[in-house]
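Novice: Compute the structure for the input listed below.
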Amino acid sequence: MAERLSRQGRQVVIIDREVPSLGSTVASTAMLLWEIDRPLFQLTELYGFEKAVRCYHASHQAARGLRALVAQYGVACHMRPRLSLYLAADDSPNLIQDEYSVRSRADLPSLLLGHAELLQRFAIARAGAILSRDAADADPVLLTRGLLDLSLKRGARLLKANAVAYDGTASSVTVGLEDGFSIEARHVVLATGYVMPDIVRPTAQQPASSWAIATAPQADNLWPGQALIWEATQNYHYARTTFDGRIIFGGEDDHGLIQPDARDAATPTKVRVLKERLTALWPRTSSHVAFTWSGAFDTTRDGLPLIGAVPGSKNIFAAFGYGGNGITFSLLAAELIGSLLSGGSSPLLDDFAFDRDVSG
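Specialist: Numbers count the residues shown, from 1 in each chain. Presented below is the predicted three-dimensional model:
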């Protein structure tokens, strides 16, 4: 967000109570997919074809835009273009066939693979998969710091402080800080990740916890092409490789284990299951797991982000890219809000509204 607004020539102050990138960013597995957590055919059932396709095309454009931004400014973050594989989760390919049918109608860059072709091309034994282009992976910490550095070089200011109050009743917004000082600005954008201020009351948000493992480097033991892998099921597992040859495998999401103590207590069992699932997906994997971690995150019930004006708060906007597409959604949020502050508009702002009706 700071990169986009500073590129517009605006005066930008970034308030962060922690060291930038050392919150949830450092725990991100950074699979930069344009495919939304909610499959297109399900989103179509919920909102209709036109709206669902609009959201998917916006996410696709954002994924491509993120790669272009990194390339344009030479942000050193190990970003690599990748194919993505959306795998059938059991012996039935019906779900991916339904999804592929709607994607074809929407002119999205996807190809349906049957069992034999999937096995031949990627050495993965599933009933089938959807193969898509325009995904990527990256080091999320280096990406964050690189974009921050760009903003600072343009004159943005980084302030270590804790924002505790927001007053948008006047023509400008006053942000009260914990130390008693305040900042006045024409506009305020909340990009606070999973720490949501009290003035934001979304209707679609729900918390969850997730777990991940990373193997020891095994560069000669990875699947062909190192595509990003995820499963066609609600509680999917996912896998990617890293630039130094590790496999990151994650999932086992749980909406009931949010508190840190409960999450930590469940970690040994969750890690064991992740290791078993990885071995089942890719039997050639090394059995040595070098790192394990977990964290709480937020999702939305429809898989779409929360972007736009904060209801009831004048000149206060927010960007919350909740779900599995947070980094991709961050680029989308920056473009939408950057345009909005310059007098633009988009139907996506209704699609991503904080008070939207999510009945599915």
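
Novice: ok, residue 319 to residue 230 distance?
Specialist: 24 Å (CB to CB, to the nearest Å). For every residue, glycine as well, the C-beta is placed using N, CA and C.

Novice: go on, residue 217?
Specialist: 22 Å.

Novice: So for the two, which residue has more residues nearby?
Specialist: Taking neighbours as other CB atoms under 10 Å, residue 217 and residue 230 compare with residue 230 leading, 24 against 16.

Novice: now the more buried one, which residues is it bridged with?
Specialist: Following DSSP bridges, residue 230 is listed with bridge partners residue 86, residue 238.

Novice: That one touches residue 88, doesn't it?
Specialist: No - look at residue 230 against residue 88 with CB atoms under 8 Å: they stay out of range, at 11.5 Å.

Novice: Low-confidence regions, this structure specifically.
Specialist: For the chain, the stretches flagged by pLDDT under 70 are 91, 360.

Novice: again, only this time at 80
Specialist: For the chain, the stretches flagged by pLDDT under 80 are 90-93, 203-204, 234-235, 323, 359-360.

Novice: how much space between the nearest residue to residue 254 once chain neighbours are set aside and residue 24?
Specialist: Using CB to CB, 6 or more residues apart in numbering and skipping residues adjacent in sequence, the residue nearest residue 254 is residue 209, 5.2 Å away. The gap separating residue 209 from residue 24 is 12 Å, by CB to CB.

Novice: Look at the two and report which has more neighbours.
Specialist: Legend: neighbour count by other CB under 10 Å for residue 209 and residue 24, higher for residue 209 (22 against 16).

Novice: surely the more buried one meets residue 260?
Specialist: No - contact criterion CB under 8 Å: residue 209 and residue 260 do not qualify, at 9.2 Å.

Novice: And the contacts of the top helix by length along the chain?
Specialist: The longest helix of the chain (DSSP state H) is helix 49-73. Residues from elsewhere that reach helix 49-73 (CB atoms under 8 Å, 6 or more residues apart in numbering): 3, 32-36, 40, 43-44, 46, 75, 77, 79, 81, 102-103, 105-106, 108-109, 134-136, 138, 143, 146, 150, 304, 325, 327-329, 331-332, 335, 347-348, 351.

Novice: Now restrict the residues you listed to buried residues only.
Specialist: By neighbour count, with 16 or more other CB atoms under 10 Å, those hold 3, 32-36, 40, 43-44, 46, 75, 77, 79, 102-103, 106, 108, 134-136, 138, 143, 146, 150, 304, 325, 327-329, 331-332, 335, 348, 351 as buried.

Novice: residue ranges of the strands in the stretch 101-250 of the chain, please?
Specialist: Ranges of strands within the stretch 101-250 of the chain are 110-114, 128-137, 157-160, 163-167, 173-177, 182-185, 188-190, 205-215, 228-232, 238-241, 247-254, based on DSSP state E, counting those that start in this stretch.

Novice: So which elements touch the fifth one?
Specialist: This means strand 173-177. strand 163-167, strand 182-185 (3 or more CB pairs under 8 Å, 6 or more residues apart in numbering; DSSP states H and E).
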